[in-house]
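**Student:** A predicted structure for the sequence below; I have some questions about it.
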Amino acid sequence: MFGFRDWNWHQKLTVSVMTPDGLKTGSAVSAVELTKSPRWWGVGDSAGASTTGLLGEAVTVDLGHDRFLFVLLDKYSLSTARMAFFPSKRAENRDENNAIYDRLEALRATINVPREKYPLFVTFEDIHNPASVKRVDPDNLEAAFGPGFHLSAVTIAITDEPVTKGRVEEVLPWLERVGRERPTLIPNPPRLSTDARDPDIQYLTPRRFSTELYK
């Protein structure tokens, strides 16, 4: 009505890893909400603005022997589904753009996530120590976990399944407590991001694992 539009859907990210013990898989369902205002609404840069919300938690893949891979909400959003399902669709105007979201909202399908749209992969050298978090290269899982570990697939689905809750906290029971004690998993990161060796990791917060931690 009056040019306001909104779209809602659930998207399921599934990560499969081949290990020496066989294929291990983890998945998580997140909720996406996109709202667009008409051009007459707002002033200046805010005219016709859109807002996006993402609720859910990271994918947890239990690799066995107290080793876990986490695929975070960081760098994972609305555009992940859009680029996966409609990579060649470039909207020429607002109506065409809205039509793409209409199709995306109505979809019930699964597809591989493009490599350039992979979220952030991390693990912990010690699952009980939040400061031991480190980046995992999706193209070289052996560097983090040893011989025989390879990424098999990363898929995204538009689904009617409910949002996943609590799986991350089962594996990381300290997550909420650490988030209340300090802003980042690794204590005392550099004040300036230009001084950080790996900003994605050094400034990583508990909320990147779950948007629902403090609700």
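**Tutor:** Sure, I can see it.
**Student:** which residues of the protein fall in helices?
**Tutor:** Secondary structure of the chain (DSSP state H): helices located at 78-85, 94-106, 142-145, 167-171, 175-181, 199-202.
**Student:** now the fifth one: buried residues?
**Tutor:** So the one you mean is helix 175-181. Across helix 175-181, burial judged by 16 or more other C-beta atoms under 10 Å covers L175, V178, G179. Glycine gets a C-beta too; all of them are placed from N, C-alpha and C.
**Student:** hmm, back to that, show me the one of the helices of the chain that comes nearest A157.
**Tutor:** Closest to A157 of the helices of the chain, according to C-beta to C-beta: helix 78-85, at 9.0 Å.
**Student:** what about this structure, any weak spots by pLDDT?
**Tutor:** Applying pLDDT under 70 to the chain flags residues 1-3, 37-51, 75-78, 89-92.
**Student:** pick out the residue closest to the middle of it.
**Tutor:** Nearest to the centroid of the C-alpha atoms of the chain, with distances taken as C-alpha atoms, centre = their mean, sits L73, at 2.5 Å.
**Student:** and that one, what does it touch?
**Tutor:** Residues in contact with L73, defined by C-beta atoms under 8 Å, 6 or more residues apart in numbering, are S30, L54, G56, E57, A58, P119, R207, R208, F209, S210, T211.
**Student:** in a markdown table, list those residues along with neighbour count and distance to A144.
**Tutor:** A markdown table is the format used below for the contacts of L73 (neighbours: other C-beta atoms under 10 Å; distance: C-beta to C-beta, whole Å):
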| residue | neighbour count | distance to A144 |
| --- | --- | --- |
| S30 | 24 | 24 |
| L54 | 16 | 26 |
| G56 | 23 | 24 |
| E57 | 25 | 21 |
| A58 | 30 | 16 |
| P119 | 22 | 16 |
| R207 | 16 | 23 |
| R208 | 22 | 18 |
| F209 | 26 | 17 |
| S210 | 26 | 22 |
| T211 | 18 | 25 |
